[in-house]
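Novice: Turn this into a model:
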Amino acid sequence: MHTTINDLRLFPFTTISGDVKTELMRVFDSNIIPFAVCRIFTVSANADGKRGEHAHKKCNQLLICVSGALGLLCDDGEKRHTIQLESDSDGVWIPNGIWAEQTYLEDRSVLLVFCDQPYEESDYIRDYNEFLEWKKKQ
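Specialist: Residues are numbered from 1 along each chain as shown. This is a model prediction of the structure:
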């Protein structure tokens, strides 16, 4: 399947407000996640931290900022699109075959990631030029 920037999808999550002593709670209901979840992890970084900088051959991911803010750059080899994620933003589904980079905009920002594949190093494309070559073959 040849994925493009047009395949990115936003997914809203229910938010429940607390009272003056409690904060907003996000509900991650599995019935709106577009795949069976196999792996979940978090990434945290301070302002100007950079993570990602890779694409997956098979793995689909749903990214949600649960604290702070970050910029999410997605690239399909022809077009680029940047989305700003904050703690009250929708989640973003990134299908396989999309290069993604996250730039953390605030200290102690936390990204929550749901994946449909277990960790497999061979699924990663970590060099951008290799990614472009791989996309040409798709």
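
Novice: For the closest residue in space to Ile32 that isn't next to it in sequence, give the beta-bridge partners.
Specialist: Distance criterion Cβ to Cβ, 6 or more residues apart in numbering; nearest residue to Ile32, sequence neighbours excluded, is Phe11 at 5.7 Å. Placement of C-beta: from N, CA and C, glycine included. Beta bridges link Phe11 to Gly91 when assigned by DSSP bridges.

Novice: ok, Phe11 - contacts?
Specialist: Phe11 makes contact with 32-34, 62, 90-93, according to Cβ atoms under 8 Å, 6 or more residues apart in numbering.

Novice: One more pass at 6 Å, please.
Specialist: Contacts for Phe11 (Cβ atoms under 6 Å, 6 or more residues apart in numbering) come out as 32, 90-91.

Novice: Most neighbours among those, which one?
Specialist: Gly91 (24 neighbours; other Cβ atoms under 10 Å).

Novice: my guess is it contacts Val66, does it?
Specialist: No: applying Cβ atoms under 6 Å, one finds Gly91 not in contact with Val66, separated by 10.0 Å.
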